[in-house]
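Asker: Quick one, fold the following:
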Amino acid sequence: MPDREPPGWPWLKERLIRLRQATPPGAVPEAVPAAVVRTAVVTDSAAALPAEWVRACTADGRLTVVAMPVMVGAEIYGEGEDDIAATIAVALASGMPVKTSRPSPGQFEQAYLAALKRGFESVVSIHISGELSGTADSARLAADRVGIPVEVVDSRTVGMAQGMGVQSAVVAAADGRNAQEVRAFAEERLARARVYFYVPSLEQLRRGGRIGAAASLWGTMFSIKPILAVEDGKIVPLERVRSAAKAIARLEEIVAADALSRPDGQARLAVHHFGNPAEADQLASRLAVLLPDTPPAQISALPAVLAAHAGLGVLAVIVGESSTPLDGGSLAKEPAGGACGPTEGAAAGE
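Answerer: Numbers count the residues shown, from 1 in each chain. Model prediction:
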């Protein structure tokens with residue numbers, strides 16, 4: 001299912017629109033030198049980035065998203081292939097094995113070499129938690145093979161929590177920061193992002209080795225509907241609730257409390273689902289009432305690699321913060337050219 005993008009969901013999109021507005025007739029444009037983008041950003045499809053944002057940022061090579069493979073029975077699929085969501089849903093409902101794998105080092109090597117060919121001087125490569133996948137290990141193997149410096153970051157998270165770190169890295173790179181600065185800014189935002197989610201059944205997480213057999217059995221035997229979270233890269237139980245309705249209501253309370261604890265105006269939300277878009281819409285609407293000063297949540301289906309483990313009916317909410325820091329530095333202003341605006345110099349292929 002395609003991303004649904006309510007007005008104002010991604011703060012970067014808002015900024016890009018403002019920056020691309022035409023200068024009024026007769027006005028003298030402000031003389032702000034465009035930053036030279038020297039650092040490319042690479043990530044994997046577990047980041048659950050909005051499709052429109054990805055299209056804007058991958059056009060000139062400053063962002064590359066490496067697809068993570070999903071195996072349904074004997075067939076291997078990549079993120080974005082036709083009907084993969086429906087294929088996974090049918091397989092899960094019928095009990096057919098669904099597994100995931102990390103991308104090969106060769107896939108990352110190709111991404112890094114493409115950045116080098118385009119004239120970028122370095123790469124920051126941000127990936128799904130190493131506790132959930134060996135993707136960062138593949139990236140490190142590839143980094144050792146190429147002639148461009150690569151900073152590999154284990155995000156210690158997943159979904160749009162990871163995606164928010166990627167977006168922050170793209171913003172920092174658009175501001176002309178070097179690889180170490182881009183990495184530091186991304187890691188700061190990654191550390192601030194939280195993942196909370198509810199699944200009707202723990203069985204698929206157990207099959208994929210993401211939770212223990214004892215936890216799954218406990219949930220099944222006592223009809224417990226747990227609220228889960230990602231902490232230090234791992235999936236952990238957060239609270240035990242007796243019904244689905246109560247679990248979702250409690251999820252809303254936890255998310256609202258977290259968002260309200262953030263600096264004024266900085267909280268950002270994303271809602272993920274798989275097979276239950278109406279529930280996700282309703283959840284996002286209720287959160288909008290609870291958090292009137294927070295931009296509307298981005299709503300999107302889980303990427304295939306996460307849906308394969310979470311299973312049907314999952315509702316996940318990510319709470320993060322704006323990619324623009326409040327320290328008064330240059331990143332506190334709009335990056336010249338926009339986060340995914342035109343590049344100059346090497347990155348433009350000159």
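Asker: Show the backbone phi and psi for Asp175.
Answerer: phi -90, psi 0 (degrees, to the nearest 10).
Asker: Can you report how many residues neighbour Gly78?
Answerer: Using other CB atoms under 10 Å, Gly78 has 16 neighbouring residues. Quick note: C-beta positions are derived from backbone N, CA and C, even for glycine.
Asker: what about it, distance to Val166?
Answerer: 19 Å (CB to CB, to the nearest Å).
Asker: Repeat that for Ser261.
Answerer: On the measure of CB to CB, Ser261 and Val166 end up 24 Å apart.
Asker: out of those two, which sits in the busier spot?
Answerer: Taking neighbours as other CB under 10 Å, Ser261 and Val166 compare with Val166 leading, 32 against 9.
Asker: how about the helices in the stretch 101-250 of the chain?
Answerer: With DSSP state H, counting those that start in this stretch as the criterion, the stretch 101-250 of the chain has helices at 105-118, 135-143, 159-174, 179-192, 203-207, 213-221, 244-260.
Asker: what's the closest of the ones you listed to Gly275?
Answerer: Among the helices of the stretch 101-250 of the chain, the nearest to Gly275 by CB to CB is helix 203-207 (12.0 Å).
Asker: can you tell me how far the closest residue to Ile128 other than its chain neighbours sits from Val36?
Answerer: Residue nearest to Ile128 in three dimensions, not counting chain neighbours: Ala46, with 3.9 Å by CB to CB, 6 or more residues apart in numbering. Using CB to CB, we find Ala46 at a distance of 30 Å from Val36.
Asker: So between the two, which is more surrounded?
Answerer: Ala46 (28 against 17).
Asker: which SS class is that one?
Answerer: When classified by DSSP: H, G, I helix; E, B strand; the rest coil, Ala46 comes out as helix.
Asker: Likewise for the one 3 residues further on?
Answerer: Here Leu49 is coil, with the state taken from three-state DSSP.
Asker: Look up phi and psi at it.
Answerer: According to degrees, to the nearest 10, Leu49 has phi -70, psi 150.
Asker: Report the separation between it and Gln180.
Answerer: For Leu49, the distance to Gln180 - CB to CB - is 23 Å.
Asker: same deal with Ala169?
Answerer: 12 Å.
Asker: Neighbour count: these two, which is higher?
Answerer: Ranked by neighbour count (other CB under 10 Å), Ala169 and Gln180 place Ala169 first, with 34 against 13.
Asker: looking at the chain, which helix or strand is least sure?
Answerer: When each helix and strand of the chain is scored by mean pLDDT, DSSP states H and E, helix 213-221 comes last, with a mean of 43.
Asker: Could you pull up the mean pLDDT of stretch 66-81?
Answerer: For stretch 66-81, the mean pLDDT works out to 80.
Asker: Give me the buried stretch members for that stretch, please.
Answerer: Val66, Ala67, Met68, Pro69, Val70, Val72, Tyr77, Gly78, Glu79 (16 or more other CB atoms under 10 Å).
Asker: hey, C-alpha coordinates of that stretch in PDB?
Answerer: What follows is stretch 66-81, C-alpha atoms only, in PDB (Å, rounded to 0.1, in the frame of the first residue of the first chain):
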ATOM      1  CA  VAL A  66      19.400  -0.700  -0.500                       C
ATOM      2  CA  ALA A  67      16.500  -3.200  -0.600                       C
ATOM      3  CA  MET A  68      16.400  -5.900   2.000                       C
ATOM      4  CA  PRO A  69      15.400  -9.300   0.600                       C
ATOM      5  CA  VAL A  70      12.300 -11.200   1.800                       C
ATOM      6  CA  MET A  71      11.900 -15.000   1.200                       C
ATOM      7  CA  VAL A  72       8.400 -16.300   0.800                       C
ATOM      8  CA  GLY A  73       8.600 -20.100   0.500                       C
ATOM      9  CA  ALA A  74      11.300 -20.600  -2.100                       C
ATOM     10  CA  GLU A  75      10.800 -17.200  -3.800                       C
ATOM     11  CA  ILE A  76      13.000 -14.200  -3.000                       C
ATOM     12  CA  TYR A  77      11.500 -10.700  -3.200                       C
ATOM     13  CA  GLY A  78      12.900  -7.200  -2.900                       C
ATOM     14  CA  GLU A  79      11.300  -4.100  -1.400                       C
ATOM     15  CA  GLY A  80       9.100  -2.300  -3.900                       C
ATOM     16  CA  GLU A  81       8.300  -5.300  -6.100                       C
END
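Asker: Can you give the contact residues for it?
Answerer: 42-46, 84, 87-88, 91, 96-103, 107-108, 111, 128, 133, 135, 303-305, 308 (CB atoms under 8 Å, 6 or more residues apart in numbering).
Asker: cool, stretch 275-282 as well?
Answerer: So stretch 275-282 is in contact with 1, 4, 89, 248, 271-273, 299, 301, 312-315, going by CB under 8 Å, 6+ apart.
Asker: next one: phi and psi at Thr39?
Answerer: The phi/psi pair for Thr39 (degrees, to the nearest 10) is phi -110, psi 130.
Asker: After the host helix or strand of Leu283, which helix or strand is next?
Answerer: Assessed by DSSP states H and E, Leu283 sits inside helix 277-290. The helix or strand immediately downstream of helix 277-290 is strand 298-301, counting by DSSP H and E.
Asker: Please compute how far that next one lies from its chain's middle.
Answerer: Its chain's C-alpha centre and that of strand 298-301 lie 11 Å apart, by CA atoms, centre = their mean, to the nearest Å.
Asker: Much appreciated, bye for now.
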